[in-house]
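S.K.: Just to be clear, the model below is a prediction. Sequence and coordinates:
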Amino acid sequence: MGTVIEVEHLAKRYGDVQAVADVSFEVHEGEILGILGPNGAGKTTSVECVQGLRAPDAGRVDVLGLDPTVHASALRERIGAQLQESSLPQRLRVGEALALFSSFQPGGPPWRSVMHDWGLEAKEKAAFGSLSGGQRQRLLVALALVNDPEVVFLDEMTTGLDPAARRSTWELVERIRARGTTVALVTHFMDEAERLCDRLVVVAAGRVVATGTPAELVAAHSDGVTVTFSAGGADVRFLEGLPGVHRVEVVDDRVLVHGIPAVPPHVGKALVDRGITPDDMDVERPSLEDVYLRLVEDGRS
Ligand SMILES: Nc1ncnc2c1ncn2[C@@H]1O[C@H](COP(=O)(O)OP(=O)(O)OP(=O)(O)O)[C@@H](O)[C@H]1O
């Protein structure tokens, strides 16, 4: 799989604010890369540098083999970017917006087919301001795709949407990837990152603090799992000797076995072998959110 975006040691300052201190990441062809980080971490600034909308102070950016600081207009023909809602006039009609955007960016599919693809035909004559949140998102995604881009940048696209509209927006993103378009997605939502993204880059205070698939991040940056059960007063100290067990605690007759992710089957077998068969065994695994919060906290200090 090729690399479509390479960012190396990107830095960008606005006056006294070091918005991006040292950001490096890659985006592979055909993947959905999620960029996560708290408010002010430097995500938007990084993505704007990648798109050629801002000039970095330092570092190297390569997008589809082009340097965005030199080839911004050539790049614009090959990438798509989701606009902010506030950038469209409320009275602009859906059909007008699509016709206008595709006239600026010739070479893509006919705008009516984009309108059809994204289920906006019934709204062709509707003003942007009259659309629901989900319909607006759909239009903004469609507008980002009128030039049939190879890479599309989406920024906080589900903020303020109801659960059903969020899910249908996720389906839109999956459809974009299914067409072969690479997606770079800035998000604050862990469920969105987990559900949609092949890989994640976590940014805190202008630096990348972790990169990997959601599962890799959880495995690499957590203490592992905790197996809990009631032992009815049985002596369970033998569990301390099992492979991968870090610690065994008994709290109010409830046993807590902390260890690596592969510990639960060993605990189950060892208990059964000794005739202990608790019927309330649970395994608690840290969530992506737990790991993210820890990474971001460490990244700030
Ligand atoms: N045009 C600008 N002029 C001055 N400072 C800016 C400008 N744009 C961003 N900043 C500052 O740079 C830092 C990084 O902002 P940026 O928007 O890149 O972060 P972000 O991670 O996208 O945040 P959010 O999640 O809140 O959108 C912040 O401290 C912000 O106030």
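M.R.: Received the coordinates, thanks. Residues are numbered from 1 along each chain as shown.
S.K.: Which residue would be the closest one in the stretch 201-301 of the chain to the ligand?
M.R.: Minimum separation of the stretch 201-301 of the chain from the ligand (CB to the nearest ligand atom) falls at Val203, amounting to 6.6 Å. Placement of C-beta: from N, CA and C, glycine included.
S.K.: what's the distance between that residue and Val257?
M.R.: Counting by CB to CB, to the nearest Å, the gap from Val203 to Val257 is 35 Å.
S.K.: Ser24 and the ligand, how far apart?
M.R.: With distances defined as CB to the nearest ligand atom, to the nearest Å, the gap from Ser24 to the ligand amounts to 16 Å.
S.K.: number of nearby residues for that residue?
M.R.: The criterion is other CB atoms under 10 Å. On that basis, Ser24 has 15 neighbouring residues.
S.K.: Confirm it sits in a strand?
M.R.: Yes - going by DSSP: H, G, I helix; E, B strand; the rest coil, the assignment for Ser24 places it inside a strand.
S.K.: what residues are up against the closest residue to it other than its chain neighbours?
M.R.: In space, not counting the residues next to it along the chain, Ser24 is nearest to Glu8; the distance is 5.0 Å by CB to CB, 6 or more residues apart in numbering. For Glu8, the contacting residues are 24, 59-61, taking CB atoms under 8 Å, 6 or more residues apart in numbering as the criterion.
S.K.: Go ahead and report the secondary structure state at the residue nearest the centre of the chain.
M.R.: In the chain, the C-alpha nearest the mean C-alpha coordinate belongs to Gly34, at 2.7 Å (CA atoms, centre = their mean). Classification of Gly34 into helix, strand or coil gives strand, according to three-state DSSP.
S.K.: per-residue confidence for it?
M.R.: As summarised for this prediction, Gly34 has a pLDDT of 97.
S.K.: can you map out the strands along the chain?
M.R.: 3-14, 17-28, 32-36, 58-63, 79-81, 151-155, 182-187, 199-204, 207-212, 225-230, 245-251, 254-259, 282-284 (DSSP state E).
S.K.: Kindly reformat these as TSV containing distance to Arg166.
M.R.: Listed next are the strands of the chain as TSV, based on distance: least, CB to CB, whole Å:
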stretch	distance to Arg166
strand 3-14	26
strand 17-28	23
strand 32-36	15
strand 58-63	28
strand 79-81	21
strand 151-155	13
strand 182-187	11
strand 199-204	18
strand 207-212	24
strand 225-230	29
strand 245-251	37
strand 254-259	34
strand 282-284	26
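S.K.: surely the residue nearest to the centre of the chain meets Leu196?
M.R.: Yes - proximity of Gly34 to Leu196 meets the contact threshold set by CB atoms under 8 Å, at 7.0 Å.
S.K.: residues shared between the contacts of these two?
M.R.: Listed contacts common to Gly34 and Leu196 are Leu185; contacts here mean CB under 8 Å, 6+ apart.
S.K.: List the residues that contact Pro110.
M.R.: For Pro110, the set of contacting residues under the criterion of CB under 8 Å, 6+ apart consists of Ser102.
S.K.: what are the bridge partners for Val151, then?
M.R.: Partner residues in beta bridges with Val151: Ile79, Thr182, with DSSP bridges as the criterion.
S.K.: what about it, how many neighbours?
M.R.: Neighbours of Val151 (other CB under 10 Å): 22.
S.K.: same thing with the one 4 residues further on?
M.R.: Burial of Asp155, expressed as a neighbour count using other CB under 10 Å, amounts to 19.
S.K.: out of everything not next to it in sequence, what's closest to it?
M.R.: Nearest residue to Asp155 in three dimensions, chain neighbours excluded: Val186, at 4.5 Å (CB to CB, 6+ apart).
S.K.: Skip the chain neighbours and tell me the closest residue to the residue of the stretch 201-301 of the chain closest to the ligand.
M.R.: Spatially, and ignoring its direct neighbours in sequence, Val203 is nearest to Gly37 (3.7 Å; CB to CB, 6+ apart).
S.K.: ok now do the one you found, which residues does it touch?
M.R.: By CB under 8 Å, 6+ apart, the residues touching Gly37 are 43, 202-204, 296.
S.K.: now Asp57
M.R.: Neighbours of Asp57 in contact, by CB under 8 Å, 6+ apart: 11-13.
S.K.: now swap in Ile32 and tell me
M.R.: Taking CB under 8 Å, 6+ apart as the contact definition, Ile32 lies against 173, 177, 182-183, 185, 196-198.
S.K.: Let me know the closest of those residues to the ligand.
M.R.: Ranking the contacts of Ile32 by separation from the ligand, with CB to the nearest ligand atom as the measure, puts Leu185 on top at 12.7 Å.
S.K.: which parts of the longest helix seen in the chain are buried?
M.R.: As far as residue count goes, and with DSSP state H defining each element, the longest helix of the chain is helix 163-178. If you call a residue buried by 16 or more other CB atoms under 10 Å, then helix 163-178 has these buried ones: 165-166, 168-170, 172-173, 176-177.
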